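Student: Got a predicted structure here, sequence first:
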Amino acid sequence: MICVDTSVWVDFFRGTHSSLVSELNELLEDDSVCLAVPVWIEILSGASKKDKERLGKALSALPRLYPQRSTWKLVEQWIKKASPKGETFGMGDLLIAAIASENNAKIWSLDADFSRMAQLKFIQLY
């Protein structure tokens, strides 16, 4: 499964990059996309009033991944490993990454923080 991050969804819905739109459409047709709940919340909270309902319906068809108690422990472990290396990450990105990792999902993101997490071997990127 591919856990698609907010940055990719924003470009997808805007139609900014035709290759990204095509690739995500292909993954959606193959039922290869899952949605971490923090991404779901970011999308809905950033959507305009007129788009909220449409986006909510469209995204509700995707499998959603929720944090567990173990997710928070994983985030804490990653912080302890990253800090001595001078790496810091936002809580939202850490949560999305940990949820994806626990569900053996690769992350597709345009956010460089996820690339740095992959370099630390916390996650796998798509």
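Tutor: Yep, that arrived. Numbers count the residues shown, from 1 in each chain.
Student: From here on, just use CA atoms for contacts and neighbour counts.
Tutor: OK.
Student: Please state the backbone phi and psi of Gln68?
Tutor: The phi and psi values for Gln68, taken as degrees, to the nearest 10, are phi -120, psi 180.
Student: quick one, helices of the protein?
Tutor: Using DSSP state H, the helices of the chain run over 6-14, 18-29, 37-46, 49-59, 69-82, 91-102, 112-119.
Student: What are the contacting residues of the worst-scoring helix or strand of the chain on mean pLDDT?
Tutor: Ranked by mean pLDDT, DSSP states H and E, the helix or strand of the chain with the weakest confidence is helix 49-59, at a mean of 89. With CA atoms under 8 Å, 6 or more residues apart in numbering as the contact definition, helix 49-59 has outside contacts at 40, 44.
Student: Could you export stretch 46-59 as CSV, CA atoms only?
Tutor: Written as CSV, here are the backbone C-alpha positions of stretch 46-59 (Å, rounded to 0.1, in the frame of the first residue of the first chain):
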residue,chain,number,x,y,z
GLY,A,46,-7.6,23.1,4.6
ALA,A,47,-10.5,22.7,2.1
SER,A,48,-12.9,25.5,1.2
LYS,A,49,-16.4,25.2,2.5
LYS,A,50,-17.7,24.3,-1.0
ASP,A,51,-15.1,21.6,-1.5
LYS,A,52,-15.3,19.9,2.0
GLU,A,53,-18.2,17.7,1.2
ARG,A,54,-16.9,16.6,-2.2
LEU,A,55,-13.4,15.8,-0.8
GLY,A,56,-14.9,14.0,2.2
LYS,A,57,-16.9,11.7,-0.1
ALA,A,58,-14.1,11.1,-2.5
LEU,A,59,-11.6,10.3,0.2
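Student: With that, I have no additional questions.
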